[in-house]
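# No sequence on hand, only this structure:
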C-alpha cells in the first residue's frame, strides 16, 4: 500500500460490505442494499458516508439496537401518499422501499410522497433522489438525524444534520443533483479529519461551550449551514427545521431533541423519520428536460471569476470523481481508511477487502 493510500475496485468494496454484514446476521439481500449505497457514496466522493459509516451499521446490529430481519410495511396510504413503518431494519432497505413506492405512485398520480418512521441511518440522500431521476422523475429525499446542529444563538445541539436531496433529469443522462446537509458540514467529514489527524476549518463546529474550534476532537456541536448569525446561519437552522417537519413530525417518528444522541452508549431504537418524494415532470409543462439542460449548460458556460476554475452545477463534482474512479480502476482510500477496514475484518474474522 502506497503512502497516499490504496485503490479498491468497486465490486470488491461491495463484496466486503456484504461479508461484514453477513457476519453479524444481516441477510445478503439487505446487506447488498447497504453495500450498494456505501459504494455509491465513496464512488461519488462522499467519503463521510461510505466505508466511514460501516462500523456504525455493524454496531447497531451487534448491539441489537436495530432489527436484523423484517420488512417495511405500509400503514396508511392514498393514491399519491403513504406512511411506512420501517420495522427498525437497515435504513437503506427502508429508504429503497420508500423511494420505489413514491416512484410507482408518481407514475399513476404525477406525484408520490412517502414518509417513514422507525427507520435507521439511510446513508447519502442523493442515492434515493438519483433512483427517481434515473426513471425520468424529480426525486427528493430527507431524513432527520441525531441532534448535532446548534441553533443560532444557542449552545445546545437540538436538530440533526437533516440532509436535503433534489435530483432532476436533463437530456442525454445529464441532470441536477443537490445533496447537502443543513449543517455547515456533515459530521462524517469531521470524523474523517480526526482519522486523518487533520484540523477542520473554522465555522464547521463548536466546543461544548459554544466557541468555534478547528480541533475535530473538541467538536461537540455543528454550526448550521451559513455558520454564525452574521453570515446567515439562521437559514441553515430554518432548513433543518423544515426537514424535521417532513420527517419526524409528519411521520410520527422521533424528532429533534427526542432522537437518541449520536453513538449514545445507552442503546435505544433510533426511530428516525424520513421522507421520499417522486414527481413526474410530464404531469406539468412539456419540455422539462430541455429547459433543465438549458439552465445547466448556461451555468456551466458562464465565464469563471478565476481563470482555469470552471463553473459547475450540483452533481458535477460527483461526476468528476466517478470518472476518476473509473479511470484508476476503483476508489482511492487514505491509508488510515484501509487500516480501519482491515481492523473491522479482523474483528469479524472475515477476509479483508483486496486492494490494487
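Sure, I can see it. This one's a predicted model, so the numbers in the text were calculated from it and none came from an experiment. Residues are numbered from 1 along each chain as shown.
# What segments of the stretch 1-150 of the chain are helices?
Counting by DSSP state H, counting those that start in this stretch, the stretch 1-150 of the chain has helices at residues 10-23, 28-43, 54-62, 91-109, 126-133.
# hey, which of those is tucked in deepest?
Among the helices of the stretch 1-150 of the chain, helix 126-133 has the highest mean neighbour count (mean count of other C-beta atoms under 10 Å), at a mean of 27. The C-beta positions use only the backbone N, C-alpha and C, and glycine is treated the same way.
# so how far is it off the chain centroid?
With C-alpha atoms, centre = their mean, to the nearest Å as the basis, helix 126-133 stands 11 Å off its chain's centre.
# Report all helices and strands that that helix contacts.
helix 28-43, helix 91-109, strand 138-143, strand 164-169, strand 175-180 (3 or more C-beta pairs under 8 Å, 6 or more residues apart in numbering; DSSP states H and E).
# List the contacts of the first one.
Where contact means C-beta atoms under 8 Å, 6 or more residues apart in numbering, the residues beyond helix 28-43 that reach it are 10, 13-15, 17-18, 20-22, 26, 47-51, 53-54, 57, 89-90, 92-93, 96, 122-124, 127, 321-322, 325, 331, 333.
# circling back: got the helices of the stretch 1-150 of the chain as TSV, with distance to residue 271 and mean pLDDT columns?
TSV is the format used below for these (distance: least, C-beta to C-beta, whole Å; pLDDT from 0 to 100):
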stretch	distance to residue 271	mean pLDDT
helix 10-23	21	98
helix 28-43	19	98
helix 54-62	12	95
helix 91-109	11	98
helix 126-133	19	98
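# Make JSON lines from the ones you listed and add distance to residue 76 to it.
What follows is those, written out as JSON lines (distance: least, C-beta to C-beta, whole Å):
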{"stretch": "helix 10-23", "distance to residue 76": "30"}
{"stretch": "helix 28-43", "distance to residue 76": "24"}
{"stretch": "helix 54-62", "distance to residue 76": "27"}
{"stretch": "helix 91-109", "distance to residue 76": "12"}
{"stretch": "helix 126-133", "distance to residue 76": "21"}
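# Relative to residue 306, which of those is closest?
Nearest to residue 306, of all those, is helix 126-133, at 26.9 Å by C-beta to C-beta.
# quick one on the thing from earlier: of the helices and strands packed on helix 126-133, which approaches residue 250 most closely?
strand 138-143 (10.0 Å).
# just checking, what packs against that closest one?
Using 3+ C-beta pairs under 8 Å, 6+ apart: strand 138-143 touches helix 91-109, helix 126-133, strand 164-169, strand 272-279.
# Can you list the buried residues in that strand?
138-143 (16 or more other C-beta atoms under 10 Å).
# what sits against residue 77?
residue 83.
# Mind putting the helices and strands packed on strand 138-143 into CSV with distance to residue 65?
What follows is the helices and strands packed on strand 138-143, written out as CSV (distance: least, C-beta to C-beta, whole Å):
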stretch, distance to residue 65
helix 91-109, 12
helix 126-133, 22
strand 164-169, 25
strand 272-279, 12
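# Can you say which of those is nearest to residue 304?
Closest among those, using C-beta to C-beta: strand 164-169, at 23.8 Å.
# do you know which of the helices and strands packed on strand 138-143 lies nearest residue 68?
Here helix 91-109 is closest among the helices and strands packed on strand 138-143 (C-beta to C-beta), at 11.1 Å.
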